[in-house]
Structure formats: structure tokens, C-alpha cells
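*Asks:* Quick one, fold the following:
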Amino acid sequence: MSQPSPWAGPSRPPVWGPPPPGPAYAPYAPYAPYAPLPPVLPGSPGGPGGPGGPGGPTKRWKLPVVLVSVALVVAAIPVGIMLLRPAGGPSVTGPLPGGNQSNPYTPGPPDTAPDTMPTQDNWNDIDQLLLENPLYGKTPAVVDCGVGDLDVARAGAAEVEDYLNQLVLCLMYAWYPPVTRAGFELPRPPVVVYTEPVTTPCGQFDMGVAYYCSADQQVYYALDLPRVYPAAWRTMRFLSPAFITHEFGHVVQYRTGILLGSAAYQDSWEASGNHATALTFSRRMELQATCLAGMSFAAMAASTAMSDQDKQDVLTIFSSIGDAQPGAGEHGTPESSRHWYEAGFGAKTVAECNTFAADAKDVE
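*Replies:* Below you'll find the model as predicted:
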């Protein structure tokens, strides 16, 4: 098939195998020595068009961003939450418009020893996974999540861990049918909350961060993570689900071969000395995860009674995170993030989240 110009990569095949150790995807968190972040709303300090933010006059610190490298450790999105009312188990109520679901998810505990993804040994197979993935014709199921509202300012480790695992269970109900119907497996990833730096198969994770480690397919979450976020965000009802849905987007990418395929291209371009082209694959992967997050919110919107203000809050979150300069970073601009979140929220199939086939201007 014809391919966009960035696909004409080095002729050598990618090096496949188990993800090597060492953290490769840094968290949604500011870099030291940056000070605590102010509210990052459009036009405010740190927000798009505001001082210190994308399009603003100065940049003394960065907005929280997901950083990607090729050691295949996907950045998890940090969340700090507290369950305020009992959470019942999610249930499937039907497919989103345009979908026809089968293979309903049977609840089970988090899988602490899932099978690894099969390797690919040629670029044609990788291109197929990225550009024509069987998942693209599928749609997540509408679910009744049954999760409670959250107080992001107060939480114990056990409460946070219970809630995050419950939220992931909700996402399993939404995404298990389309992923398995596409011919892939989707084991339920555990969420591990830690209270001091922790050593994982992907290396040591510090406090104030969260990661998805593809080496063991688990999410690691530091209990003190809420302190890296603006106070204004902590009152948003769907702050935690916004981050977790993006993170689960990376889980879906890994289990369908998209993450590994994108990383193979990124690795190959980096090895050839073309850093700019390597970054395009990072941005396509990150923006696709945001688009999948939009689809997750569409699947949960009715059962969670999302108000217009809730929807605007989530849009604010995704519109305020990204790279300051178009085409110069790993995650995409806030404008691109907003575009792909909205595309996902209104999508009928995952094909509308195919960032790997999108024009370059849409993944800057």
C-alpha cells in the first residue's frame, strides 16, 4: 500500500524482543527544578497563550507531559483520588452507535502475569498494525461504570488503589469486546499504588509520578502524585478518569501491536540520526491514546451523568497538556490534543483515531 513519506525508513528490520529494562516513558509530571504548576487553563499562566505556556511570552517550566522513548515503557497518566461512595461493578449496556459488540468481558482479578505481545519481524507486518489494524473497525461498548465521585485532595493508598483498579475494570468492559473481536487479547492490567520509590522491571520509579510499564504490563502510581497538579484541577470531577483513560489507551495500543510498531519506527529513525522523524511517531502514538480516551469517555458518559461542565473540564485538561512548539516535541500541541480528544469522543469506530494515517499538520 502507499505510505506517507515518514514511513520510508531505514531498510534494516527492527530489533524485536522483550522490552529492555529501564524507564523509557517519563510521567505526566513537571521536570525539576520547575516549581509547582499554576492553573493551566487557556490564557492563564502555563496555559495555551498564557505566560509560560504554549504560545505565551516565556517558558520557565513545562506543562505536564508524557515523554516517550524506545525502551517500551509507556507513560502512565498520574491520578490522585479518593472514593467517596461505594463503587459497584460495571456492566455493559450496549455498543456505541455504529458498533456491533460480542465477546462480553467476564470479570476477573487483575492479571499479574499476562502473556507478552508476539514479535514482528518485518516492516510490512508493522505497517499493517499501524495503518490497517483490525481494531480500527471496532467500537468500545457503552458501559455502566458504577464508580463513585472522587475527592482528589485526600486519599489513602488502599483507597486509591481500590478505586483505580475499579476504574480499569470499567474500561475493560468497554474495550475487551472490540479488542478481542479484532483478534487480540486484553488482560486486565493491575494498578499498584506506592508510597516510596519503587523498583520495577522498567527501572526505579520515583515519587510524584505514574507509569505504565510494558515489561510487566502494570500501572504504577505514586500516592503523592496529586501535588504535581494545579489546585484548580483537583476540583474537576473527572480529573482522575481523564488521566486513566489516556493511560488505558496505551494499554490498548500495546495489546494490539500499535505501541510496539510505533516504537520500532521511532527506534529505527533515532538510530539513523533522524530525530525529527522519530518524534512524529511518538506524537502519533500519544495523540492516538488521547483519541482512545475520548472514546472511553463517550462509552462512560451516560452512566456517569457527565454534565456540560464536566465535559468542558475534561476538554480543558486535554487542551492544556502538550508541547509548546508545534512539531518539535513528543506529545503534540495542546491544540492537537484537543482535536484528537474531541475526535475520539464523537467517533463511531476506532478508525477515526488512526493518527498514523493522519496528515502531518494534525499531529504536530
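*Asks:* Which parts of this protein are strands?
*Replies:* 91-95, 141-144, 191-194, 198-200, 203-205, 210-213, 218-222 (DSSP state E).
*Asks:* among these, which is nearest Thr180?
*Replies:* strand 141-144 (11.4 Å; Cβ to Cβ). Any C-beta I mention is one placed from the backbone N, CA and C, and that applies to glycine too.
*Asks:* related to what we said a few turns ago, now render the strands of the chain as CSV, adding distance to Glu159.
*Replies:* Below are these laid out as CSV (distance: least, Cβ to Cβ, whole Å):
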stretch, distance to Glu159
strand 91-95, 23
strand 141-144, 22
strand 191-194, 9
strand 198-200, 19
strand 203-205, 20
strand 210-213, 16
strand 218-222, 12
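*Asks:* If I average pLDDT within each of those, which one is lowest?
*Replies:* Of all the strands of the chain, mean pLDDT reaches its minimum on strand 91-95 (a mean of 48).
*Asks:* Quick check: chain neighbours aside, which residue is closest to Phe356?
*Replies:* Nearest residue to Phe356 in three dimensions, chain neighbours excluded: Leu130, at 4.4 Å (Cβ to Cβ, 6 or more residues apart in numbering).
*Asks:* Equivalent analysis for Ala158, please.
*Replies:* Take Ala158 and drop its neighbours on the chain: the residue closest to it by Cβ to Cβ, 6+ apart is Val193, 7.9 Å away.
*Asks:* go on, Pro190?
*Replies:* Spatially, and ignoring its direct neighbours in sequence, Pro190 is nearest to Pro110 (3.5 Å; Cβ to Cβ, 6+ apart).
*Asks:* Check Ala328 too.
*Replies:* In space, and not counting its chain neighbours, Ala328 is closest to Leu279: 7.5 Å by Cβ to Cβ, 6+ apart.
*Asks:* Am I right that the one you found is in contact with Gly332?
*Replies:* No. Shown here, Leu279 and Gly332 do not form a contact pair, counting by Cβ atoms under 8 Å, at 9.9 Å.
*Asks:* What is the neighbour count of the residue nearest to Phe356?
*Replies:* Around Leu130 there are 27 other residues, counting by other Cβ atoms under 10 Å.
*Asks:* CA-only coordinates of stretch 351-359 in CSV, if you can.
*Replies:* The C-alpha trace of stretch 351-359 is given here as CSV (Å, rounded to 0.1, in the frame of the first residue of the first chain):
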residue,chain,number,x,y,z
ALA,A,351,-10.6,4.1,12.6
GLU,A,352,-11.3,7.8,13.5
CYS,A,353,-8.4,7.6,15.9
ASN,A,354,-6.0,6.4,13.3
THR,A,355,-3.3,9.0,13.9
PHE,A,356,-0.8,7.0,11.9
ALA,A,357,-2.7,7.8,8.7
ALA,A,358,-3.4,11.4,9.6
ASP,A,359,-1.9,14.4,7.9
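*Asks:* For that stretch, buried residues please.
*Replies:* 352-356, 358 (16 or more other Cβ atoms under 10 Å).
*Asks:* got it, and stretch 108-119?
*Replies:* For stretch 108-119, burial by neighbour count (16+ other Cβ under 10 Å) applies to 110, 114, 117.
*Asks:* Which of these sits closest to Gln312?
*Replies:* Nearest to Gln312, judged by Cβ to Cβ, of the buried residues of stretch 108-119 is Pro110 at 32.5 Å.
*Asks:* Next, the buried residues of stretch 205-220.
*Replies:* By neighbour count with 16+ other Cβ under 10 Å, stretch 205-220 contains the buried residues 205, 207-220.
*Asks:* do stretch 221-234 as well
*Replies:* For stretch 221-234, a neighbour-count test (16+ other Cβ under 10 Å) marks 221-223, 225-226, 228-230, 233-234 as buried.
*Asks:* so how far is it from its chain's centroid?
*Replies:* Distance, stretch centre to chain centre, for stretch 221-234: 17 Å (Cα atoms, centre = their mean, to the nearest Å).
*Asks:* Check stretch 349-364 too.
*Replies:* Using Cα atoms, centre = their mean, the offset of stretch 349-364 from its chain centre is 15 Å.
*Asks:* those helices in the stretch 101-250 of the chain, which residues are they?
*Replies:* 123-131, 157-181, 239-255 (DSSP state H, counting those that start in this stretch).
*Asks:* how about CSV for the ones you listed, with distance to Ser303 and mean pLDDT added?
*Replies:* Shown next, in CSV, are these (distance: least, Cβ to Cβ, whole Å; pLDDT from 0 to 100):
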stretch, distance to Ser303, mean pLDDT
helix 123-131, 32, 95
helix 157-181, 9, 91
helix 239-255, 12, 87
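*Asks:* can you redo those as JSON lines with distance to Ala324?
*Replies:* What follows is these, written out as JSON lines (distance: least, Cβ to Cβ, whole Å):
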{"stretch": "helix 123-131", "distance to Ala324": "27"}
{"stretch": "helix 157-181", "distance to Ala324": "30"}
{"stretch": "helix 239-255", "distance to Ala324": "19"}
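*Asks:* Could you check how far the nearest residue to Asp313 once chain neighbours are set aside is from Ser307?
*Replies:* Computed as Cβ to Cβ, 6+ apart, the closest residue to Asp313 that is not its neighbour in sequence is Met236, at 4.2 Å. Taking Cβ to Cβ, to the nearest Å as the measure, Met236 falls 12 Å from Ser307.
*Asks:* what about these two, which has more around it?
*Replies:* Set Met236 next to Ser307 and count neighbours by other Cβ under 10 Å: Met236 wins out with 21 against 11.
*Asks:* Sweet, I'm off.
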